[in-house]
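>>> My questions are about this predicted structure, shown below with the sequence.
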Number of protein chains: 2
Amino acid sequence: MANIKDVAERAGVSVATVSRVLNGRSPVAETRERVLAAVQELGYRPNNVARALRTARTGALGLIISDLTNPFFTELADAVEDEARSLGYSLVIGNAGERPVQQDDYIRTLLDRRIDGLLVSSAGTGSAMLSEVVASGTPLVLLDRLVPGIDAPCVRADGRTALTELAGHLAALGRRRPAIIVAPAGTPTGEERLELFRAALAEHGLALPDERVGSTPDLQHTGGRRVMSALLDLAEPPDAVLATDNLMALGAMDELRARGLRVPDEVALVVYDDVPWFTHTDPPLTAIAQPTRELGRAAVHTLLARIEGRPADSVLLPAHLVTRRSCGEPPTP
Amino acid sequence: MANIKDVAERAGVSVATVSRVLNGRSPVAETRERVLAAVQELGYRPNNVARALRTARTGALGLIISDLTNPFFTELADAVEDEARSLGYSLVIGNAGERPVQQDDYIRTLLDRRIDGLLVSSAGTGSAMLSEVVASGTPLVLLDRLVPGIDAPCVRADGRTALTELAGHLAALGRRRPAIIVAPAGTPTGEERLELFRAALAEHGLALPDERVGSTPDLQHTGGRRVMSALLDLAEPPDAVLATDNLMALGAMDELRARGLRVPDEVALVVYDDVPWFTHTDPPLTAIAQPTRELGRAAVHTLLARIEGRPADSVLLPAHLVTRRSCGEPPTP
DNA sequence: ACCCGCCGTGTAATCGATTTCGTAGCCCTC
DNA sequence: GAGGGCTACGAAATCGATTACACGGCGGGT
């Protein structure tokens, strides 16, 4: 591949001049055109690696995502990618697969690659490497998940409105024994959702006793199924279940189906995170929709602010309840 | 951040020695330990940008995916990422969003970043930039989609077995008027699936006339819905439909539902690409499952072969029919 | 007419690593 | 004991860009 020296020779100028023309400085029509012609003829493209070494800017952002196959995170990643690209950055995606060790591995790699900034939707509580990121001075923004003890802005959705709406919805439909499936105590997101849901239910005179709080470290399909099974084995099984993750909800649905229980007739089901195909499940699922694309966009902007040294605050966007049929009420058209 | 010079000073050796220790050459216990101690104390990590400039190897692979929000491609990307990471490469993902222009944009960026190799699941027929890739000498492997005129190995699934199984399945269930929803003529994948399906049907005495071949350039939800609508308006509407993409299938289902037609009673529906949540739709969808993760893995291996100068051939892995209830037969447990 | 300053350009340093080449010291052999 | 070969290490070139500094020429001000 042609390099800047080849271009300089062909245009009969120095490499400095070529560099200046390409970066918009010192615009003298005649020289400028000779250089551009040479660039054209040789099909020259600047080597980003060399440029990055010299300028200490790679033009790449890193995104650590907890689980790429989870549709919520896919959409988030898509939104981030879109926004980053439109602002001239490219995106290196690291998939943590919900494993803290793998996450740390990836963060290290990205740091070694000298990305300009890092977005992290953290798996678990693995904050050891995160404090290293902060220490290294690489701009960091947390996405969707808070990490205690890490001094970085966090962009995420606020479930309060949605959960209040949900509690009202369930109460109005006569549900008396709500339950929740969450990540285990200690994970900030899980705890927050639990507390908000409990508070919202209380306002409608509904209790959420600990026995109807099912939790599992396995945030996937099988975890959700196992927890749902335990809930159904209770002396007083729930008549409404909120699954705080779409994968766990799928597992929960499988368990219901396996036991021949009908949704919403016998048990109402609500999912945290709305996903396009929830319209197509049997029955269509009532869901709490986070403003995913907006989150992605905001995260990129916050990160760029940090990169450019501008002040950057945390962002909190409201989530909303999307009513479908899995709680019993027909959707209002 | 500490650099190699700092380490050298602290250890009282030259930078060359530090480099050698870190790369496993010239192992002399005493010096070696001094260097490693200095590395430890300074928290030194080699600058990958500088290393890449010198060695002309970035340790990064590029992946251009046609649509990140399509679950099939998500799983593919996940598999590729997994395999790449386990082999010491990181992955830069570019999302083409099914837009050739954006795809070309991204390929250029990745080339500028001097990635070691490129995997492309091409959107449309945008092969202009692809021939540039070949010309640039960057190792290239096509993924899932063939691109005519591009001299690069292609890793993809062979639908012949699956479509033969499907034709038999439909015939056995008494379906007489099969139809297909495909990408428009001119897209290799679409044409191939059409021809294979037609041939397989013929073996069971079933015809697939052109009027029951619905195509749309919009490979998304709305495209699928529009085509399904046209098929249903036929004088002799189909009693079985194969949608060659999972997004289009969702659109098709919406149209069926909107018209109050029951699946499988009135129309059988089959989807190309199996996705985890197809178990949860109403009814569970019979699908053609591509060996997605194996495809991802094979693609990375093929690409590495090219990178290392080993011979690399195209790979063709068989797809299979996964029978559920959307064609009428209960699944055999 | 002379000098100052500015503008466009070239020369060379620089970013942080790898790698070639050269050299000093050591051991072994004859 | 001298010479040859090997080993461990350092000095310096190198990758391909950006950029600080130097310099020559030209225009304008006095």
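Yes, it's here.
>>> Tell me the residues of chain A that contact DNA strand D?
A:3-5, A:15-16, A:18-20, A:22-23, A:44-47, A:50-51, A:53-55 (CB under 7 Å from any atom of the strand). For glycine as for every other residue, the C-beta is placed from the backbone atoms N, C-alpha and C.
>>> PyMOL command to pick out the buried ones of the residues you listed?
Restricted to buried positions by 16 or more other CB atoms under 10 Å in any protein chain shown, the PyMOL selection for the residues of chain A next to DNA strand D reads:
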select buried, chain A and resi 4+18+19+20+22+44+45+46+47+50+51+53
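>>> Filtering the residues of chain A next to DNA strand D by proximity to chain B, which remain?
Restricting those to those touching chain B (CB under 8 Å from any CB of the partner chain) yields A:45-47, A:50, A:53.
>>> quick one: which of these is nearest A:Arg114?
A:Leu53 (8.8 Å; CB to CB).
>>> which residues sit in contact with the closest one?
Counting by CB atoms under 8 Å, 6 or more residues apart in numbering or on different chains, A:Leu53 makes contact with B:47, B:49-50, B:53.
>>> Next, check the ones next to chain B among the residues of chain A next to DNA strand D against the helices and list the overlap.
Among these, DSSP state H puts A:50, A:53 in helices.
>>> Which ones, among the ones next to chain B among the residues of chain A next to DNA strand D, also lie beside DNA strand C?
By CB under 7 Å from any atom of the strand, the members of these lying near DNA strand C are A:50, A:53.
>>> what does the stretch 201-333 of chain A have sitting close to chain B?
Within the stretch 201-333 of chain A, the positions adjacent to chain B are A:221, A:250, A:253-254, A:276-277, A:279-283 by CB under 8 Å from any CB.
>>> go with 6 Å
A:250, A:253, A:280-282 (CB under 6 Å from any CB of the partner chain).
>>> Can you tell me which of these has the most neighbours?
Neighbour tally across these (other CB atoms under 10 Å in any protein chain shown): the maximum, 28 neighbours, falls on A:Met253.
>>> From A:Pro283, how far out is that residue?
Distance from A:Met253 to A:Pro283, counting by CB to CB, to the nearest Å: 10 Å.
>>> do the same with A:Pro46
56 Å.
>>> repeat for A:Arg193
From A:Arg193 to A:Pro283 the distance is 23 Å (CB to CB).
>>> Which one's more surrounded, the two?
A:Arg193 (22 against 17).
>>> part of a helix, is the more buried one?
Yes: using DSSP: H, G, I helix; E, B strand; the rest coil, the assignment for A:Arg193 is a helix.
>>> Need the nearest residue in space to it, chain neighbours excluded.
The shortest distance from A:Arg193 to any non-neighbouring residue, by CB to CB, 6 or more residues apart in numbering or on different chains, is to A:Thr244 (5.1 Å).
>>> so how many other residues sit close to the one you found?
25.
>>> what does A:Ser136 give?
The burial count for A:Ser136: 14, using other CB under 10 Å.
>>> and it, what is it in contact with?
Applying CB atoms under 6 Å, 6 or more residues apart in numbering or on different chains to A:Ser136 gives no contacts.
>>> And the pLDDT at the residue nearest to A:Ala50 when sequence neighbours are not counted?
Closest residue in space to A:Ala50, ignoring its immediate chain neighbours: B:Leu53 at 5.4 Å, by CB to CB, 6+ apart. Among the per-residue scores, B:Leu53 shows a pLDDT of 97.
>>> got it, and A:Pro291?
On pLDDT, A:Pro291 comes in at 97.
>>> and it, how many neighbours?
A:Pro291: 16 surrounding residues under other CB under 10 Å.
>>> From B:Arg51, how far off is it?
Going from A:Pro291 to B:Arg51 by CB to CB gives 40 Å.
>>> Now do the contacts for the residue in chain A that chain B sits nearest to.
Nearest residue of chain A to chain B, counting by CB to the nearest CB: A:Asp282, 3.0 Å away. Applying CB under 6 Å, 6+ apart to A:Asp282 gives the contacts B:Asp282.
>>> Would you list the phi and psi of it?
A:Asp282 adopts backbone torsions of phi -120, psi 110, taken as degrees, to the nearest 10.
>>> Report the separation between it and DNA strand D.
Plainly put, A:Asp282 is 57 Å away from DNA strand D if you go by CB to the nearest atom of the strand, to the nearest Å.
>>> can you give me the helices for chain A?
Along chain A, counting by DSSP H, helices occupy A:4-11, A:15-22, A:29-42, A:48-55, A:71-86, A:100-112, A:128-136, A:160-172, A:188-203, A:221-232, A:246-258, A:292-307.
>>> so can I have a markdown table of those helices showing distance to B:Leu295?
Formatted as a markdown table, those follow (distance: least, CB to CB, whole Å):
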| stretch | distance to B:Leu295 |
| --- | --- |
| helix A:4-11 | 39 |
| helix A:15-22 | 40 |
| helix A:29-42 | 37 |
| helix A:48-55 | 30 |
| helix A:71-86 | 18 |
| helix A:100-112 | 22 |
| helix A:128-136 | 32 |
| helix A:160-172 | 38 |
| helix A:188-203 | 33 |
| helix A:221-232 | 22 |
| helix A:246-258 | 23 |
| helix A:292-307 | 27 |
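>>> just how off-centre is stretch A:157-166 within its chain?
18 Å (CA atoms, centre = their mean, to the nearest Å).
>>> hmm, who's touching that stretch?
A:193, A:196-197, A:200, A:288, A:290, A:316-321.
>>> out of those, which are buried?
A:193, A:196-197, A:200, A:288, A:290, A:319-321.
>>> Specify which member of these is nearest to A:Arg212.
Comparing the buried ones among the contacts of stretch A:157-166 against A:Arg212 with CB to CB places A:Phe197 closest, at 10.9 Å.
>>> Which residue is the nearest non-sequential neighbour of the closest one?
Spatial nearest neighbour of A:Phe197, chain neighbours left out: A:Leu163 (5.0 Å); criterion: CB to CB, 6+ apart.
>>> same deal with A:Asp6?
Ranked by CB to CB, 6+ apart and with sequence neighbours excluded, the top spatial neighbour of A:Asp6 is A:Leu42, at 5.9 Å.
>>> and A:Leu269, what are its bridge partners?
Per DSSP bridges, the residues bridged to A:Leu269 are A:Val241.
>>> err, A:Val213, not the other one
A:Val213 has these beta-bridge partners by DSSP bridges: A:Ile180.
>>> how far away is it from A:Pro238?
Separation of A:Val213 from A:Pro238 (CB to CB): 10 Å.
>>> These two: which is more packed in?
Using other CB under 10 Å as the criterion, A:Val213 and A:Pro238 rank with A:Pro238 on top: 23 against 18.
>>> burial measure for the closest residue to the more buried one other than its chain neighbours, as a count.
In this structure, A:Pro238 finds its nearest non-sequential neighbour in A:Ala179, 3.5 Å apart by CB to CB, 6+ apart. By the criterion of other CB under 10 Å, A:Ala179 has 25 neighbours.
>>> does A:Ala179 really touch A:Leu242, like I thought?
No: between A:Ala179 and A:Leu242 there is no contact under CB atoms under 6 Å: 7.3 Å.
>>> Quick check, pLDDT for the residue of chain A closest to chain B.
Per-residue confidence (pLDDT) for A:Asp282: 75.
>>> In the stretch 201-333 of chain A, where is pLDDT below threshold?
For the stretch 201-333 of chain A, the stretches with pLDDT under 70 are A:329-333.
>>> Okay, domains of chain A per the record?
A:4-46, A:58-157+A:292-318, A:158-290 (automatic domain parsing).
>>> Can you say which of the ones you listed is nearest to B:Gln102?
B:Gln102 lies closest, by CB to CB, to one member of these: domain A:58-157+A:292-318, at 8.0 Å.
>>> So what would you say the end-to-end distance of that closest one is?
34 Å (CA to CA, to the nearest Å).
>>> Can it be said to contact DNA strand C?
No: Domain A:58-157+A:292-318 does not reach DNA strand C (CB under 7 Å from any atom of the strand); its nearest approach is 8.8 Å.
>>> Noted, bye for now.
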